[in-house]
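*Asks:* give me a model of this one.
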Amino acid sequence: MTTIRRSNERGHADHGWLNTYHTFSFADYFDRKHMGFRSLRVINEDRVSPGAGFGAHGHDNMEIISYVLSGTLAHKDSMGHVETLGAGELQRMSAGTGIVHSEYNGSEKDPVHFLQIWIRPETSGLKPSYEQIRLKDADKLGKLVLVAAPEGGAMKIHQDARVLIGQLESGHDTDYSLAPKRAAWVHLIRGEATVNGNSLKTGDAVAITDEDKINISGQAGNSEVLLFDLA
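*Replies:* All right, here's what the predicted structure looks like:
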């Protein structure tokens, strides 16, 4: 079974310095029908103006992944990490018992565009931790590449969930096998694609349950997809 979540159905807020879209309920956007999907709790698509950002604030008991699509993201946290992420870079924070961090646009002239993803951990009270990786175009072209998983993959998350990213040229496709009783959420980061025959455009997503295979086909340019394989 597939259920489509269109981009224009997402929650939206424009704060001037921040233009943000919420796939699931978040902050002032509340939709009882979209509180998350299995362990996936948040997909926020954020565009932050030059020099602006999120000041120091706390999190606990959440797996937080940020993926920079364009621009530069400056990160600082209470674990001692001071990092700058460019386009194609991802970071994973396990907030565990609690962390404080800030996220700012690292440029004074260009906006930064990134996705922030929250996944509920299997266990609360974990020791906070951090990882950062770079994903090159060649790594994801024509296939789905694993970027986070409980067994490590590229980054380790503390939940029975796997996060994959792929880039497909028009007319090219890829398949992904889904084990029994598992479900998937597929978010189209950019471009146009079909997912199990459903046409998606930038920002659209589809929830997939009771299926054993996912077919993703690029329909325009280089389309980029984000796939969550969830228990």
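
*Asks:* okay, domains of the protein per the record?
*Replies:* Here the domain assignment for the chain is 11-135, 138-230, based on automatic domain parsing.

*Asks:* what's the closest of the ones you listed to residue 4?
*Replies:* For residue 4, the closest of these is domain 138-230, at 5.2 Å, according to CB to CB. Any C-beta I mention is one placed from the backbone N, CA and C, and that applies to glycine too.

*Asks:* state the mean pLDDT of the closest one.
*Replies:* Confidence for domain 138-230, expressed as mean pLDDT, is 96.

*Asks:* one more: stretch 27-46?
*Replies:* In this model, stretch 27-46 carries a mean pLDDT of 97.

*Asks:* ok, residue 156 touching residue 93?
*Replies:* No - Residue 156 lies out of contact with residue 93 (CB atoms under 8 Å); the separation is 11.6 Å.

*Asks:* the two: which is more packed in?
*Replies:* Per other CB atoms under 10 Å, whichever of residue 156 and residue 93 has more neighbours is residue 93, with 22 against 15.

*Asks:* that one: what's it in contact with?
*Replies:* 59, 63, 64, 77, 99, 101, 128, 129, 130 (CB atoms under 8 Å, 6 or more residues apart in numbering).

*Asks:* which residues touch the fifth one?
*Replies:* Counting by CB under 8 Å, 6+ apart, residue 99 touches 58, 59, 60, 77, 78, 79, 93, 128.

*Asks:* give me the distance between the residue nearest to it when sequence neighbours are not counted and residue 138.
*Replies:* Distance criterion CB to CB, 6 or more residues apart in numbering; nearest residue to residue 99, sequence neighbours excluded, is residue 128 at 4.7 Å. Separation of residue 128 from residue 138 (CB to CB, to the nearest Å): 32 Å.

*Asks:* swap in residue 125?
*Replies:* Distance, residue 125 to residue 138, by CB to CB: 39 Å.

*Asks:* still on that earlier bit, more neighbours: which of residue 128 and residue 138?
*Replies:* Higher neighbour count among residue 128 and residue 138: residue 128, with 18 against 8, using other CB under 10 Å.

*Asks:* can you give me the pLDDT of residue 51?
*Replies:* For residue 51, the pLDDT comes out at 94.

*Asks:* doesn't it lie inside a strand?
*Replies:* No - under DSSP: H, G, I helix; E, B strand; the rest coil, residue 51 sits outside any strand and is assigned coil.

*Asks:* what's the local residue count around the closest residue to it other than its chain neighbours?
*Replies:* Spatially, and ignoring its direct neighbours in sequence, residue 51 is nearest to residue 108 (5.1 Å; CB to CB, 6+ apart). Using other CB under 10 Å, residue 108 has 7 other residues around it.

*Asks:* pairing partners for the longest strand along the chain, with directions?
*Replies:* Using DSSP state E to define each element, the chain has its longest strand at strand 213-230. Here strand 213-230 is paired, per DSSP bridges, with strand 161-169 (antiparallel), strand 173-177 (antiparallel), strand 183-195 (antiparallel).

*Asks:* a markdown table please, covering the ones you listed and showing distance to residue 47.
*Replies:* Putting the strands paired with strand 213-230 into a markdown table (distance: least, CB to CB, whole Å) gives the following:
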| stretch | distance to residue 47 |
| --- | --- |
| strand 161-169 | 19 |
| strand 173-177 | 28 |
| strand 183-195 | 13 |
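
*Asks:* I'd guessed the residue nearest to residue 99 sits against residue 97; true?
*Replies:* Yes - if you go by CB under 8 Å, residue 128 and residue 97 touch, sitting 6.4 Å apart.
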